[in-house]
Structures are given as structure tokens and as C-alpha cells.
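In: Okay, structure incoming, though there's no sequence with it:
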């Protein structure tokens, strides 16, 4: 571990102690996991404390762990992962927080700390159904307003629930139940008998 990452790890232990549920070093970055109840306080300290000064949010994304490890993983299903960058200290940090309820996943919004988290949180809401209490404009950003479900959830059907088409008689786009029969396609490989011969 480099001296910079060692210092970051020590500072994380000093400032957060027991609030860090887990800490890992992988691919040259430290990842910490915190509880939902501690999330906002930890994030504010990471932004404001001179030891950290994580002034930029590089990414925020939702994750569905329901099929992680071939479905062998036990625990909560939905998580939010935030990638932070400290320009002043030349550091990166990954913070993961699991939503407490799989039926209604919710993680507090951090747009009051980093305004640029706005669209990231909207995307996680749209694609995973993770709600961000405190977000003042939480609405779909990539799918249509009438879209049903959240397409990045592992249990979302590949063909979706509805399809749209333009109806010439009604002169408008209409939505109807999917008419595609789910099936598994196995490609047929055809090779010539002389394939590879000189």
C-alpha cells in the first residue's frame, strides 16, 4: 500500500472508527462501507475535513446485488456507490451504502453536499428504483414518464412489460403488452469441410 493510501486509511479510522462497517483496498483505491444512518454525516466530513477535502463527486450509481456471486450472497439487495475525488490531496475514495429495505430501497440524498449528484441520483432512481429522500426533483431521467418498472433490476424481464408502436389509424403512438415470446437463442454454426485447409 502506498504512503498516500496508508495515510488515507489512518485518517478514515481516526475520524469514523466504528462507523465504517468495512474497508477494502482494491485496484489502488480504498472502499469503505457505511450504514444509511451514518451516510450523510460521513459524507459531509469527507467533504469538509482538511484531512480529506473530497470536493468532487466523480460518480454515484445504484447496484442490485440479488444475483451477485451466482445468487449465493446473503444480505441486503440494493446499494449506492459513490466515487469521490479530492483535487487538493490527490485522493480517490469509494463509499458504499446499502439501503435498509429491499422492498422500498432508500438512501438519503447528497445533493445538498454536491449539487452534481442530482442527475446521478435521478439515474439510480430511474434504473434501480432507489429513492433519495431530500432530493427536490426526483423523477425519471432516461426512461419515459409512463415507463413501468426499473430496467436495471436483475428481475426485470429483458423484453420489458410493454411495447410501443405507431398506429396509423389512430395516428399516435400506442402502448400494448409485449407480444414477444421469451425464448433462448442458440446460434447455429456452419463450417465448410475444408475450413482451415491450405
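Out: Received, thanks. Every value quoted in this text rests on a predicted model; they were computed, and no experiment measured them.
In: From here on, just use CA atoms for contacts and neighbour counts.
Out: OK.
In: Now the lengthiest helix in the chain: buried residues?
Out: Longest helix in the chain by number of residues (criterion: DSSP state H): helix 3-16. The neighbour-count check on helix 3-16 (16 or more other CA atoms under 10 Å) flags 5, 8-9, 12 as buried.
In: With adjacent residues omitted, what lies nearest to residue 79?
Out: residue 98 (4.1 Å; CA to CA, 6 or more residues apart in numbering).
In: and the one you found, what are its phi and psi?
Out: Main-chain torsions, residue 98, degrees, to the nearest 10: phi -90, psi 140.
In: Helix or strand: which one has the most centrally placed residue in the chain?
Out: Nearest to the geometric centre of the chain sits residue 62, at 1.8 Å (CA atoms, centre = their mean). In the assignment (DSSP states H and E), residue 62 maps to strand 56-64.
In: moving C-terminal of that strand, what's the next helix or strand?
Out: Proceeding C-terminally, strand 56-64 gives way to strand 78-86 as the next helix or strand, assigned by DSSP H and E.
In: neighbouring contacts of the helix or strand that the longest helix of the chain is followed by?
Out: Once helix 3-16 ends, the next helix or strand along the chain (criterion: DSSP H and E) is strand 20-26. Under the contact criterion CA atoms under 8 Å, 6 or more residues apart in numbering, strand 20-26 has outside partners 13, 30-35.
In: Each with direction, which strands does strand 20-26 pair with?
Out: As defined by DSSP bridges, the strand partners of strand 20-26 come to strand 29-34 (antiparallel).
In: in the helix or strand that the strand it pairs with is followed by, what counts as buried?
Out: Elements were assigned by DSSP H and E; along the chain past strand 29-34, the next helix or strand is helix 39-48. Of the residues in helix 39-48, 39-40, 42-47 count as buried by neighbour count, 16+ other CA under 10 Å.
In: same check, this time on stretch 46-62
Out: 46-47, 52-58, 60-62.
In: nearest to residue 73, of the residues you listed?
Out: Distance to residue 73 across the buried residues of stretch 46-62 (CA to CA) is lowest for residue 62, with 17.3 Å.
In: Next up, the contacts around that closest one.
Out: Neighbours of residue 62 in contact, by CA under 8 Å, 6+ apart: 78-81, 124, 128, 130.
In: can we see that at 7 Å?
Out: Contacts for residue 62 (CA atoms under 7 Å, 6 or more residues apart in numbering) come out as 79-81, 124, 128.
In: May I ask which of those has the most neighbours?
Out: residue 79 (25 neighbours; other CA atoms under 10 Å).
In: okay but that residue is in contact with residue 66, surely?
Out: No - with contact defined as CA atoms under 7 Å, residue 79 does not reach residue 66; the gap is 10.7 Å.
In: Give me the mean pLDDT for stretch 21-30.
Out: Averaging pLDDT along stretch 21-30 gives 92.
In: Span of that stretch from start to end?
Out: Stretch 21-30 has its terminal residues 13 Å apart, counting by CA to CA, to the nearest Å.
In: Counting neighbours, which bits of it end up buried?
Out: Buried positions in stretch 21-30, judged by neighbour count with 16+ other CA under 10 Å: 23, 30.
In: Perfect, that will be all.
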